[in-house]
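Engineer: A predicted structure for the sequence below; I have some questions about it.
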Amino acid sequence: MNPVPEDGAFLRIESVTKDFGGFRAVDQVSLDVARGEIFALLGSSGSGKSTLLRMLAGFEAPSGGRVLLDGVDLAGRAPYERPVNMMFQSYALFPHLDVWDNVAFGLRREGLPRTEVAERAQAMLRLVQMESFARRKPHQLSGGQQQRVALARSLAKRPLLLLLDEPLGALDKKLREETQIELVNIIRSIGVTCVLVTHDQEEAMMMASRIGVMSHGRLLQIGSPADVYENPSSRFVADFIGNVNLMEGTVAGVAEVRCADVVHRLAQALPQRPGDAVTVAVRPEKIRLDASAPPGEGNRVRGVVRAFSYFGDCTMYHLDLPSGAKLKANVENERRHGELAFALGDAVWASWQPGAQVVLTD
Ligand SMILES: Nc1ncnc2c1ncn2[C@@H]1O[C@H](COP(=O)(O)OP(=O)(O)OP(=O)(O)O)[C@@H](O)[C@H]1O
């Protein structure tokens, strides 16, 4: 549930809780982040991820628990006394200062010698490839460029921990994806440890080596992107990350679950007992559609195509099943869409392999 990074924890969050009056925004969160790791806190609005990040930065004090950075308890330290820098979605660049002065601002305030300020600002602007924009004002830059300057400014003070709060929220999709890769490359090249907050699962999966899924102040699951996607530990996580078909059923054998429309044959024996209620989760891309019945008994169901959404690389089919339940199947467009086999109203067979399912009880 909470795998400790192999090389030990650099950032250790121990049973951290935050109460606002009678409301618990963060509930007993424990988490270890390794040195140099990029870790994403992923959750819907109000799940408590920003509050947790603000406690790491020192903008909020925990109501309970401890935060240790490189073995040092941060309790009682003001934000400016922490080797931590937080970068916000709004970039927070000073509009009246040019790029160079924005990056140099914090260094000058620290009272660093002029030559060192100049060297560091230059190095940071080179790192984010903004050297040639040094004399521009923020309003003369694109959103992605402003983001890179904000990153340069955050990194100039050489924090041990970089905190990113929805860093790319203001960028459009295409620029967001490009900037995500740039940000990761820059963060990795410096080796700074990073915790980022996002409600965008693609962003979390693209940028982070591990993800913590938050809901109602609690950390529900921690794992690599592949792990939380392929092995969700609860219905909430299965549903929150990606698309999923959730089917209620009853354990009917060692590796068999009966649902309203389908008998699931599983690849592994179940720990539950016959008669126990479970939920079977199957991702849409694990489902295959055919015009004729696939061989075998289980892991197949006949449905009627009620809708489909064409995404270019794939098409998501929405089927009505005999019980009235819905099933989503995502089919790769290996051939051109005009040659698609299925149309609205067609009866089709959906099938999947044993092992495609995840059986959930939470
Ligand atoms: N200063 C505060 N006083 C009272 N309640 C607060 C305060 N700050 C946050 N909360 C509440 O705590 C909960 C968690 O807020 P938080 O901002 O951490 O969520 P979030 O997951 O970051 O959401 P978002 O993605 O919308 O920023 C919310 O219900 C919020 O209303």
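Structural biologist: Right, received. Where do you want to start?
Engineer: neighbours of Ile211, just the number please.
Structural biologist: Residue neighbour count, defined by other Cβ atoms under 10 Å, stands at 26 for Ile211. All C-beta spots, glycine's among them, are computed from the backbone N, C-alpha and C.
Engineer: Who does whichever helix or strand it is part of pair with, and is each partner parallel or antiparallel?
Structural biologist: Assigned by DSSP states H and E, Ile211 falls within strand 210-215. As defined by DSSP bridges, the strand partners of strand 210-215 come to strand 38-43 (parallel), strand 218-223 (antiparallel).
Engineer: Mind listing residues that contact the helix or strand bottoming out on mean pLDDT in the chain?
Structural biologist: Counting by mean pLDDT, DSSP states H and E, the chain has its least confident helix or strand at helix 173-190, which shows a mean of 83. Helix 173-190 is touched from outside by 36, 38, 127-128, 142-144, 147-148, 151, 155, 162, 164, 167-168, 171, 194, 203, 206-207, with contacts defined as Cβ atoms under 8 Å, 6 or more residues apart in numbering.
Engineer: Check those for burial and list the buried ones.
Structural biologist: With burial judged by 16 or more other Cβ atoms under 10 Å, the buried subset of the contacts of helix 173-190 is 36, 38, 127-128, 144, 147-148, 151, 155, 162, 164, 167-168, 171, 194, 203, 206-207.
Engineer: Now the residue nearest in space to the middle of the chain: closest residue in space, sequence neighbours ignored.
Structural biologist: Centroid check for the chain by Cα atoms, centre = their mean gives Ala204 as the closest residue, at 2.8 Å. The shortest distance from Ala204 to any non-neighbouring residue, by Cβ to Cβ, 6 or more residues apart in numbering, is to Ala40 (3.8 Å).
Engineer: For that neighbour, the count of nearby residues, please.
Structural biologist: 26.
Engineer: Show me what it is bridged to.
Structural biologist: Bridge pairing for Ala40 (DSSP bridges) gives the partners Leu196, Ile211.
Engineer: cool, Ile13 as well?
Structural biologist: Leu31, Val67.
Engineer: Could I get the contacting residues of it?
Structural biologist: Contacts of Ile13 by Cβ under 8 Å, 6+ apart are Val29, Ser30, Leu31, Asp32, Val33, Leu52, Leu56, Gly65, Arg66, Val67.
Engineer: isn't the fifth one right next to Leu52, touching?
Structural biologist: Looking back up the chat, that one is Val33. No. Assessed by Cβ atoms under 8 Å, Val33 is found out of contact with Leu52, at 11.9 Å.
Engineer: neighbour-wise, which of those two wins?
Structural biologist: In terms of neighbours (other Cβ under 10 Å), Leu52 is the more surrounded of Val33 and Leu52; the figures are 28 against 24.
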